[in-house]
Each structure stands twice: as structure tokens, then as C-alpha cells.
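Chemist: Give me a model of this one.
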Amino acid sequence: MISTILRTVGALALACALVSCVGAVPATRVPLPASPSPADASAPAPTAALSPAVNGVIYTQPPRSSGGLIQSSLRDPDGSATDWSIWESFAFDQTQTIAEVLWRGGYDPAKSGSGGPVQNFTVDIFPSIPAGSEPAIAGAPLVHYEVGGNAGETPAEMLGGAQTYDYHFTLPAPFQAAAGTRYWIQIEAFQSGAPDWGLSAASGGDGSHFGGSGPSGEGYMFRSAPGDAAFTLVAPGS
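Modeler: Next up, the predicted model:
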């Protein structure tokens, strides 16, 4: 009789221990690949900072809390010497489908509203040159879209003394991004005056972007420049 009671007590203790252990195991997320060094221009761009399962986000470079803007705007319709365009790179370690692009930006307070409100945006995705170090802008983009308005401009945070705004655009057709391939997204604003709109400075990228000026006495000039710009890529059905 005593041995039977001891066996029963032992079994209950073991069951309680197992339940306790299971309850103590935290939820885990599969780690993402490490970002390549910014010094290695031929390396793939950083992969998504969040799991694809989190709110449909498959890649993000969030706005930097200290603020800052990187101009990406043109004077419409004829352009000007103060135009500036930028391209930001991204890549995935597995094939992904992009359905929506979100970005953060604002108007440079130092220019006192010289450009006026954004009248339109374009969203383009370019391939890389063979070396992978910059966008292949000598050719056409893989996709080109005109938003047809201000992309739902919505006030967001004050960052670095500048009012920032959130924007979004749903692609008319989802874009299939191949695994291990470096792409470049270009988001440009069109304004009626001297351009003053820019993408918010960001964190989470490779620490650089590619940029180009408008026509001047020396023609168009393009180069890599320090700093990341804020944008997010979202999968279908989010």
C-alpha cells in the first residue's frame, strides 16, 4: 500500500515538473542573417529587420529618433539644379512578394516651404549593376509607378525639429523579389517650387544610399553617400 502511494506521489511530482518547464520556455523567433559590413559595397543589402510574420513587414529601415532628412524631390514639370534623387538598396535571403511600400519623410524647415506641398510621388525598383554596388540607372527600372497624389500624407512625429509624415502606396501588381538579389528602391516627390521634401533619415540599413543631382553646369552627378532613408516593404494580405 505504501509503495503504491509513493509511486502515485512521484508520478504527480514529475507531471508538475514537466508542466512548469513547458510554461517557462519563452517564445522564440528564427534569427535573421547578419547585415553585411557597409565597407563591402559588393555585399548584398541587409535583409529584413523583422520576421515576415510580424504585421506583414518583410523589410524595414525605421526613422532615426534623432531626425534628419535626405532630399528626394524634383521641381515639376521642368526640373531644376536643386533637384536631388536617391536610391536605397534591399535584399532578401528567400524569395519575397512586395505588395505595399510605406515611407516616412518631411519638408526641410530650413527652406521655409520653398517647394510647396508634394503633388505626386513616383515609386521605382531598379536592379543592381553587375558589381552590385549601385543601381543600374542607365537602363529602365524593373517597375515604375506614379502614385497620382501625395500618398496619403499623414502627420507623424516631430523628429530633429522637423514635422514628419507617413506615406503609403499599394503596388498595382505585387513585385516578386528573388532571393539573394540586391534591388534599389527610388521614392521621389514632385513639387511646384524649389524642392524641399526628403525621406527621413533611418537606421537598420547598410549606412549608405546612392544619390544624384539635377542638371547643372557639370551635368548630372551621381555618387554613394552616407546615411539610410526610412522605408518599409509589406507582403500581400497584411
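Chemist: As a check, name the ranges of all helices in this structure.
Modeler: Here the chain has its helices, by DSSP state H, at 2-24.
Chemist: in it, which helix or strand is least confident?
Modeler: Taking mean pLDDT, DSSP states H and E as the measure, the chain has helix 2-24 as its least confident helix or strand, at a mean of 34.
Chemist: Can you name the residues bridging to the closest residue to residue 68 other than its chain neighbours?
Modeler: Leaving aside its chain neighbours, residue 68 sits nearest to residue 201 (3.3 Å; criterion: Cβ to Cβ, 6 or more residues apart in numbering). Quick note: C-beta positions are derived from backbone N, CA and C, even for glycine. For residue 201, the beta-bridge partners are residue 229 (DSSP bridges).
Chemist: same thing with the one 10 residues further on?
Modeler: When bridges are taken as DSSP bridges, the partners of residue 211 come out as residue 86, residue 223.
Chemist: Quick check: it touching residue 226?
Modeler: No: taking Cβ atoms under 8 Å as the definition, residue 211 is not a contact partner of residue 226, at 10.3 Å.
Chemist: Which one of the two is surrounded by more residues?
Modeler: Legend: neighbour count by other Cβ atoms under 10 Å for residue 211 and residue 226, higher for residue 211 (20 against 9).
Chemist: dump the residue contacts of the residue nearest to residue 68.
Modeler: By Cβ atoms under 8 Å, 6 or more residues apart in numbering, the contact set of residue 201 is 63, 64, 66, 67, 68, 69, 70, 227, 228, 229, 230.
Chemist: In JSON lines: those, plus pLDDT, distance to residue 148 and neighbour count.
Modeler: Output for those, formatted as JSON lines (pLDDT from 0 to 100; distance: Cβ to Cβ, whole Å; neighbours: other Cβ atoms under 10 Å):
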{"residue": "63", "pLDDT": "97", "distance to residue 148": "25", "neighbour count": "27"}
{"residue": "64", "pLDDT": "96", "distance to residue 148": "29", "neighbour count": "19"}
{"residue": "66", "pLDDT": "97", "distance to residue 148": "33", "neighbour count": "9"}
{"residue": "67", "pLDDT": "97", "distance to residue 148": "29", "neighbour count": "16"}
{"residue": "68", "pLDDT": "97", "distance to residue 148": "28", "neighbour count": "19"}
{"residue": "69", "pLDDT": "98", "distance to residue 148": "23", "neighbour count": "24"}
{"residue": "70", "pLDDT": "97", "distance to residue 148": "24", "neighbour count": "21"}
{"residue": "227", "pLDDT": "97", "distance to residue 148": "29", "neighbour count": "17"}
{"residue": "228", "pLDDT": "98", "distance to residue 148": "27", "neighbour count": "25"}
{"residue": "229", "pLDDT": "98", "distance to residue 148": "22", "neighbour count": "27"}
{"residue": "230", "pLDDT": "98", "distance to residue 148": "22", "neighbour count": "28"}
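Chemist: Alright, that wraps it up for me.
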